[in-house]
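Trainee: Take this sequence and fold it.
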Amino acid sequence: MKDLNDYVNSYKEQLKIGDIQEAYAGLVKYVTKLSTTLSKNLSKSYSFGSLFQGYMDYTYFYYSNQFLKDRKLKMGLVLNHPKMQFEVWLLGQTIPIQERYWEYFKNTKWNKNRTTKPQYSILETVLLANPNFNDLDKLSKQIEESLVQVTAEIIQEIKVSQLK
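Mentor: The predicted structure follows:
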């Protein structure tokens, strides 16, 4: 069984190579720019929050509109680092809100094949599974189009639920 020193030594070796730092800095820079772009392009529909870098696991920012805010909900655009994919998450402000919406959403297409509530959210759905970071403008357009579509579908599902 490895101890912390083993992990630290492996970490140091990877840092010497330098690729991890370059990749992480590039990804965070891109998601920051994406947040700014979406905020400009979608300002009539959503308000956007600050970027959270995470711990090399998730880089994300929140977005919402009045409909979601009235229900104490918000959305998150998440770069899932281990899976290297973009996801949209539906989140509640408190645990009771998350639980109430989970009870509804666990039986929908959004949580198909899930038996337990996600750790941080009500639902998590893949927006873009294999992003191409060599064409960032095209990637941003793909994410924006998918985000608008998926968010509209989730909001429609919330309306159908009649949960407040």
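
Trainee: Against Lys141, how distant is Cys66?
Mentor: Not quite, residue 66 is Gln, not Cys. Per CB to CB, to the nearest Å, Gln66 is found 26 Å from Lys141. Heads up, the C-betas are built off the backbone N, CA and C, glycines and all.

Trainee: Compare those two and say which is more crowded by neighbours.
Mentor: Lys141 (13 against 9; other CB atoms under 10 Å).

Trainee: List the contacts of Leu42.
Mentor: Neighbouring residues of Leu42 by CB atoms under 8 Å, 6 or more residues apart in numbering: Phe48, Tyr63, Glu144, Leu147, Val148.

Trainee: meant to ask about Gln21
Mentor: Leu15.

Trainee: Recalculate using a threshold of 10 Å.
Mentor: By CB atoms under 10 Å, 6 or more residues apart in numbering, the contact set of Gln21 is Gln14, Leu15.

Trainee: Name the SS class of it, please.
Mentor: At Gln21, secondary structure determined by DSSP: H, G, I helix; E, B strand; the rest coil is helix.

Trainee: ok, it to Leu15 distance?
Mentor: In terms of CB to CB, Gln21 sits 7 Å off from Leu15.

Trainee: Kindly report the same for Ser121.
Mentor: Ser121 is 31 Å from Leu15, where distance means CB to CB.

Trainee: Neighbour count: the two, which is higher?
Mentor: Neighbours were counted for Ser121 and for Leu15 using other CB under 10 Å; Ser121 has more, 21 against 11.

Trainee: is it true that the more buried one touches Trp102?
Mentor: Yes - counting by CB atoms under 10 Å, Ser121 touches Trp102, with 8.9 Å between them.

Trainee: Spit out the residues that contact those two alike.
Mentor: Listed as contacting both Ser121 and Trp102 by CB under 10 Å, 6+ apart are Leu90, Gly92.

Trainee: Lovely, talk soon.
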